[in-house]
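*Asks:* Model the structure of this input:
(2 chains)
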Amino acid sequence: MTNATVTATRAALPRRSVVVLLAVALGAAATAAFASPVQVAQATLDGARFGLVIALSGVGLSLIFATTGLFNFAHGEFVTFGAILAWLCNVMLGLPLTLAAAVAVIGGAAAGASVEYGIWRPLRRHGVGLVAAIVVSIGLAMFTRHLFLFFFHGQSRSYREYTVQQAWHLLGVQLLPKDLVTMLVALAALAALGIFLKRSRTGQAVRATADDPDLSQASGIATDRVVLLVWSLGGALAALGGVVLALDDQVSWDMGFRVLLLVIAGVTLGGLGTVRGAIAGGLIIGVVTQLSTLWAPSELKYVFALIALVAILIFRPQGIFGRAQRIG
Amino acid sequence: MRTRLSLLSAAAAAAALTLGACATSAPADGGQTADGTLKLGWLLPQTGPIASLGPPQIAALELAEKDINDAGGVLGKKVEFVGGDEAGDPAVASQAVDRLLSQGVPAIIGAGSSQISLSVIGKITGANVVQCSGMNTSPQLTDYPDNGYYFRTVPSDVLQGAVMGNLIAQDGATKVAILARSDAYATGLANTTEAKLKELGVQVVARVNYDPSAQNLTAEVRQVVDASPDAIVMFAFDEGAKLLQGLIQSGYGPDKVKTYGTDALPVASLPELVDANNKAVLQGMKLTQASSGENSPFTQRLLEYQPDLSTTAFSPYFYDCAVIIALAAEQAGSTEGPKIRDAIIGVTRDGTECGSFADCKKLISEGSDIAYVGAAGPLRFTDAGEPSTGLYDILQYDANGATKTLDTVREGTN
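*Replies:* Predicted structure coming up:
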């Protein structure tokens, strides 16, 4: 990447953020023709919460793709794993949910590191192609999911705490304390990740590896360790995503699988390999999904999210914040 | 060598299976044996997840056997039951059905679970053998291509919609919101409920069908809340807990508006699934379910006959299965499957009402058309071979998270 493009990309970034916000506002305004402003505000807020959870769950998927080229279809299982681990600690062991969430995040990181160490690294060493690796990830997803089904059973369950909360009301818009916490936690984690990638030396190594693995390795970056780190980070964040997702939507054996398509859509339309892209993509998917229910049957809500994906990719094949150089 | 041996035994097994299949497809002799008894089969849960319901159902069939034989049997032949275990496992159930069919039974009573019935219905009805269940409530079985051989004495879940509509209207609701999973069960029920409510002049202010595979149901809850209903009815499985949490948090919980559901919800664990810290969370919420027919004169008689039963759930329906099969054979003058099939619907409707095998048999011998009123009440089969009327329990959650039966109502055309 030349200096000129770096400057150009930097300059373009805030403008694109404005475009995303404008698009969301425009969508909300268009929906306002069908619904009251309160309904629109409520749907936007609900969508933002869901969108941030999607971003949190998906950012790892996006970074793993950027550094290894692998599209990890088993990423939803990190989400489920986090939620189930938190549920076990919270309900079975009686830990407070905050502590249970910490255990889940550590567990998610460990799970991410172990699949990289035990499966993906050996596969890379043996020169397994990307398509074969994607098939392996699909198989791994099915295997893990059904393992969850076997041990956790098919029933959806709630945590011991924060299951039913009193909502705050502001000008007719409702906000649950747990949803506010969800949004703040997601934003904080994503911001921390962004700063880490931008500012720290290790973060720079991650970005360098994403840019050109061979060149990075040649210039002395331990790319294997970088990839291991990315997997642990991805696993940890997805597990955290699962923990907060289950606050509203309960813990179930296939919860990660159910959001996987939305997660993939979110990170893809936001631009793979970027934290901003994950946030923007997640928000668009979340808000479009919720807004569409104000004027279309709710059975179709995810259809609109996927229409948004296609529409945006037609104009920006690399996603909103993605870099064109990586594609083609 | 080892491989060859296992190959040999596999071949032997295959041969045995083929022979078994031949025996099965050999023309049925109507279950008659040389000593003049009529063999009927049952496929009921002796093991598996609903094994606790097996003993009362089997006891009900024994009682039916006794009643029929005391009244002189069917066409002069004594009735005798042979049984198989459905085991909650389609593979085991299928083997049990093979065994029953190989004995040439003209009818099999069972299975208990709709799922198991669906897994063996092709095999049973394909062999021109009558199948009758007293516990299958799945709407899927109504239109199943069974060549007219499948019957049930318990009504389909779809009839519940009318019960629900009546209940909501009686409770004085004026603006009802309906939440339904997008599947055959829930949308069917929601449609009948909505139609009943409209017929009774109750306004349906929101009808939300949701994608069963959606993880997040916030928008669906908001749609209901935005319609500010005074009654909410949900046709949901275990995602009902999630919906209830959302409704409670939006100020539309069972403590604020009338809330209704069906027994497709995980009834016993629902309060805990919604809020483990508050057993009273669902207090006041009402549920409808097909009545299991307990606490009736029949079940009292059954308990006298076999006092050690822990439950009598669904036993009257199974008793009725046995009696209508026997009556149909009597009416048709034949114990062959196809003849029984053709006569069953007729013995349940449009005729002189009679309440026991003995009475009905007498009427048949006098040449009368009969309408058997069973242990669980009138059946009045539809052309699809299931009751057009049924008993329903209305349950309500109390402050301890338990349900108690408020009422048992009869629903259906009169």
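*Asks:* burial measure for residue 311, as a count.
*Replies:* Assuming you mean chain A. When neighbours are counted by other CB atoms under 10 Å in any protein chain shown, A:Ala311 registers 10. (C-beta placed from N, C-alpha, C; glycine too.)
*Asks:* wait, chain B
*Replies:* The burial count for B:Thr311: 14, using other CB under 10 Å.
*Asks:* out of everything not next to it in sequence, what's closest to it?
*Replies:* B:Pro56 (5.8 Å; CB to CB, 6 or more residues apart in numbering or on different chains).
*Asks:* Give the residue spans of the chain that score low on pLDDT.
*Replies:* All of this refers to chain A. For chain A, applying pLDDT under 70 flags the ranges A:1-14, A:324-328.
*Asks:* that's the other chain; I wanted chain B
*Replies:* When residues are selected by pLDDT under 70, those of chain B lie in B:1-35, B:413-414.
*Asks:* Residue numbers of it in contact with chain A?
*Replies:* B:182, B:208-211, B:213-220, B:222-223, B:226, B:238-239, B:241-242, B:245-246, B:248-251, B:266, B:269, B:273-278, B:281 (CB under 8 Å from any CB of the partner chain).
*Asks:* For PyMOL, write the select line for the buried members of these.
*Replies:* Applying 16 or more other CB atoms under 10 Å in any protein chain shown to those, the buried members can be selected in PyMOL as follows:
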select buried, chain B and resi 182+208+209+210+211+214+215+216+217+218+219+220+222+223+226+238+239+241+242+245+246+248+249+250+266+273+274+275+276+278+281
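*Asks:* Now intersect the residues of chain B next to chain A with the strands, please.
*Replies:* B:Val208, B:Asn209, B:Tyr210 (DSSP state E).
*Asks:* residue contacts, the second one?
*Replies:* Contacts for B:Asn209 (CB atoms under 8 Å, 6 or more residues apart in numbering or on different chains) come out as A:Pro297, A:Ser298, A:Glu299, B:Ala180, B:Arg181, B:Ser182, B:Thr187, B:Ala190.
*Asks:* beta partners of it?
*Replies:* B:Ala180 (DSSP bridges).
*Asks:* do B:Cys132 as well
*Replies:* Beta-bridge partners, per DSSP bridges, of B:Cys132: B:Ile109, B:Phe151.
*Asks:* isn't it right up against B:Ala111?
*Replies:* No - B:Cys132 lies out of contact with B:Ala111 (CB atoms under 8 Å); the separation is 10.4 Å.
*Asks:* Who has more neighbours out of those two?
*Replies:* Under the neighbour definition other CB under 10 Å, B:Cys132 and B:Ala111 were set side by side, and B:Ala111 has more, 32 against 27.
*Asks:* Of the contacts of B:Asn209, just the buried ones, ChimeraX syntax please.
*Replies:* Applying 16+ other CB under 10 Å to these leaves a buried subset, and the ChimeraX line that selects it is:
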select /A:297,298,299 /B:180,181,182,190
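*Asks:* so what's the single nearest residue of the stretch 51-200 of chain B relative to chain A up against?
*Replies:* Closest contact between the stretch 51-200 of chain B and chain A, by CB to the nearest CB, is at B:Ser182 (5.5 Å). By CB under 8 Å, 6+ apart, the contact set of B:Ser182 is A:Glu299, B:Asn209, B:Tyr210, B:Asp211, B:Pro212.
*Asks:* Also B:Glu86?
*Replies:* B:43-46, B:48, B:92-93, B:96, B:110-113, B:116.
*Asks:* could those residues go into TSV alongside secondary structure and distance to A:Ser17?
*Replies:* Converted to TSV, the contacts of B:Glu86 look like this (DSSP: H, G, I helix; E, B strand; the rest coil; distance: CB to CB, whole Å):
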residue	secondary structure	distance to A:Ser17
B:Leu43	strand	65
B:Leu44	strand	66
B:Pro45	coil	61
B:Gln46	coil	66
B:Gly48	coil	58
B:Val92	helix	61
B:Ala93	helix	60
B:Ala96	helix	66
B:Gly110	strand	64
B:Ala111	coil	61
B:Gly112	coil	60
B:Ser113	coil	56
B:Ile116	helix	57
